[in-house]
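# Fold the stuff below for me.
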Amino acid sequence: MNASRFPDALDVLLPLLTRHHLIQHSNFDKQAMSAACRSCGIDIPDLRWSDSVQIARRAWPEWKGNGGHGLANLKRTLNLQFHHHDAGEDARAAAMVVLHAEHHLRLPFEKLIKPVGRKSYAAPIAMDGDPKGALAGSVVVFTGALGMSRNEAAEFAAQVGMSVKPGVTKQTTHLVVGDQDLKVLAGHTKSSKHRKAEDMQSAGHWGWSVRHV
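Numbering: from 1, shown residues only. Below you'll find the predicted structure:
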C-alpha cells in the first residue's frame, strides 16, 4: 500500500488545520486524532474544535427525545442532501448543520460556538407553615420565575399557614406558576412540576389550585 503514514499526513495537513476552527459531529474526530498521535508517539496538536451535535441541541432543543440530534435525524428534519457514513460527506453535513443553526438562531458563527453556561437554579426551599395561619394545612410548590425571590414567596406563604415544599407530591394543594424559560424546558411549554401537577389532577387528585403569577 502506498498510503502515507499518519505522522507524515498530519505534517502536511497541520498548516491548513491550524488556520481554521474545526467542526466535528460528536467528539469522535478529536478523540481519533488524539489516539492516533498517542499511538505514533507524537504530540497532539492544539487545534480549535467545536461539536455540531452541541450546536444542534442549542438550536433545536425540542428534538431531544424526539428523533435526537444525530446526523440521520438531522438529515431528515433539516432536509440535508448528503450520503451518510461517508467521511467526506459527513464532514460536509456537519458544516450544513452549523449553517442551518446560524440561520435559525440568527447568530454569527463566533457566538454560535461560544459555550453556553448552565442556568443556575436557586436551592430547593422547604418551610413549615404557621399552624395558626388562615391556610394552615395547605402545601404549596413554586415553579418558574416569580416577581420576588423564592425565599420571599416562601416566607409569605408560611406566614399564612402554607407549608412550602420543593416538589409536587400527593400532599401538594397549591402550585404557583411564574414565567417559564422555554430554553430550558427541552421542547415543553410547561415545567416538569406543572406537568406533574396536571397529570395528578387528571388522575383524580382533586383539591389542587394552580395560580399563574
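# Show residues contacting stretch 16-26.
Residues outside stretch 16-26 that contact it (Cβ atoms under 8 Å, 6 or more residues apart in numbering): 29-30, 45, 47-53, 71, 90-91, 93-95, 97-98, 109, 113. C-beta coordinates here come from the backbone N, C-alpha and C atoms, glycine included.
# so of these, which ones are in helices?
If you go by DSSP state H, the contacts of stretch 16-26 have 29-30, 52-53, 71, 90-91, 93-95, 97-98, 109 in helices.
# Among these, filter down to the buried ones and hand me the ChimeraX syntax, if you would.
Applying 16 or more other Cβ atoms under 10 Å to these, the buried members can be selected in ChimeraX as follows:
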select :29,30,52,53,71,90,91,93,94,97,98
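# The ones in helices among the contacts of stretch 16-26 into CSV, with extra columns for distance to Val164 and pLDDT?
Converted to CSV, the ones in helices among the contacts of stretch 16-26 look like this (distance: Cβ to Cβ, whole Å; pLDDT from 0 to 100):
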residue, distance to Val164, pLDDT
Asp29, 49, 92
Lys30, 46, 93
Ser52, 43, 95
Val53, 39, 93
Leu71, 46, 92
Asp90, 51, 92
Ala91, 52, 92
Ala93, 49, 94
Ala94, 47, 94
Ala95, 50, 94
Val97, 44, 96
Val98, 45, 96
Phe109, 45, 94
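# can I see the domain layout of the protein?
By the assignment in automatic domain parsing, the chain contains the domains 7-112, 139-212.
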